[in-house]
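Visitor: got a structure for you, letters missing:
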């Protein structure tokens, strides 16, 4: 199933086509019980569009009760609690994003770290009492595993003061492999909603390497300007100078192999994290990321099924 998208030709998008794409956009965020503002629907719409056509389509969807509006939010469920939940989550996110920026200012001083961004639900401006501060890290080429190991040694210390949830460094790439391998609506959304907090030029390169996201989200502008530029740190520079050699190569490979074996054992033993998700990791030379089973494929399948259902309901309402 695929929704027809006409890129760079807004005049060809009829009200009927925009209605389908509005439903598609809301269906994706419905999987997370997250209603959107009107501007956010426009940002995440998978086609270019004319504003009047969009407004006409949204009005039609509300009149036929395919879409519900509560205050400034739009959703597929007739449930006002979703708007209340989002408002509360947005307020909590303001506090946590402030904390995340402080965390980023600390972690950028680790050797070989070139960029840090807020990811996960917090990058969508939402948090609750169970939320972590998820971070996306970019490292220097071929030194991802040295950087990750040092940072995770530090994270062990945060458990002593119960601050480990502020340091969820769960996705790493290095500057040699900035392009995200998986290309779908989920990864596109995760990429464009990153909030870079350290490494402005690094993230400019990252977003340039992931221009494929425009195929899925042609109206979304990625936020490079939110990141600070890198500052010189003499201790960081010294450690990198000492490891920019064959010893560094051996250490990086060694840390990768040790981490891979340790996580494979956790997966084999069916160990779960604090959120009840099976512990698993993809450990590659230029990438380290969680591997939560079939999460992506299951999410996309549910999303596609929901869109198919909505389009059938919309067709039925138009026919009647």
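Guide: Now that the structure is in, tell me what you want to look at. Values in this document were obtained by computation on a predicted structure and should not be read as measured data. Residues are numbered from 1 along each chain as shown.
Visitor: what segments of the stretch 151-300 of the chain are strands?
Guide: 168-174, 195-198, 281-284, 287-290 (DSSP state E, counting those that start in this stretch).
Visitor: give the pairing partners of the longest one; include direction for each.
Guide: Using DSSP bridges, the strands paired with strand 168-174 in its sheet are strand 134-139 (parallel), strand 287-290 (antiparallel).
Visitor: among those, show me which one is buried the most.
Guide: Among the strands paired with strand 168-174, strand 134-139 has the highest mean neighbour count (mean count of other CB atoms under 10 Å), at a mean of 25. Bear in mind the C-beta positions are built from the backbone N, C-alpha and C, glycine included.
Visitor: on that earlier part again, tabulate the strands paired with strand 168-174 (JSON lines), appending distance to residue 242 and mean pLDDT.
Guide: Shown next, in JSON lines, are those (distance: least, CB to CB, whole Å; pLDDT from 0 to 100):
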{"stretch": "strand 134-139", "distance to residue 242": "17", "mean pLDDT": "97"}
{"stretch": "strand 287-290", "distance to residue 242": "23", "mean pLDDT": "90"}
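Visitor: closest one to residue 180 among the ones you listed?
Guide: strand 287-290 (9.0 Å; CB to CB).
Visitor: contacts for that closest one?
Guide: Contact with strand 287-290 is made by 144-145, 148, 170-174, 177, 181, 259, 280-282, as judged by CB atoms under 8 Å, 6 or more residues apart in numbering.
Visitor: buried residues in stretch 163-175?
Guide: Across stretch 163-175, burial judged by 16 or more other CB atoms under 10 Å covers 166-175.
Visitor: ok, of the strands of the stretch 151-300 of the chain, where does mean pLDDT dip lowest?
Guide: Note on the strands of the stretch 151-300 of the chain: strand 281-284 shows the lowest mean pLDDT, a mean of 86.
Visitor: counting by contacts, list what that one packs against.
Guide: The contact analysis (3 or more CB pairs under 8 Å, 6 or more residues apart in numbering; DSSP states H and E) places strand 281-284 against helix 246-268, strand 287-290.
Visitor: most packed of those?
Guide: strand 287-290 (a mean of 19).
Visitor: residue 14: neighbour count?
Guide: Residue 14 has 13 neighbouring residues, counting by other CB atoms under 10 Å.
Visitor: sketch out the low-pLDDT regions of the stretch 151-300 of the chain for me.
Guide: Where the stretch 151-300 of the chain drops to pLDDT under 70, the residues are 223-224, 267, 269-280, 292-294.
Visitor: now do residue 305 against residue 312, distance only.
Guide: For residue 305, the distance to residue 312 equals 11 Å [CB to CB, to the nearest Å].
Visitor: can you tell me how far the residue lying closest to residue 142 once chain neighbours are set aside sits from residue 178?
Guide: Closest residue to residue 142 apart from its sequence neighbours, by CB to CB, 6 or more residues apart in numbering: residue 252 at 6.1 Å. Distance of residue 252 to residue 178, given as CB to CB: 18 Å.
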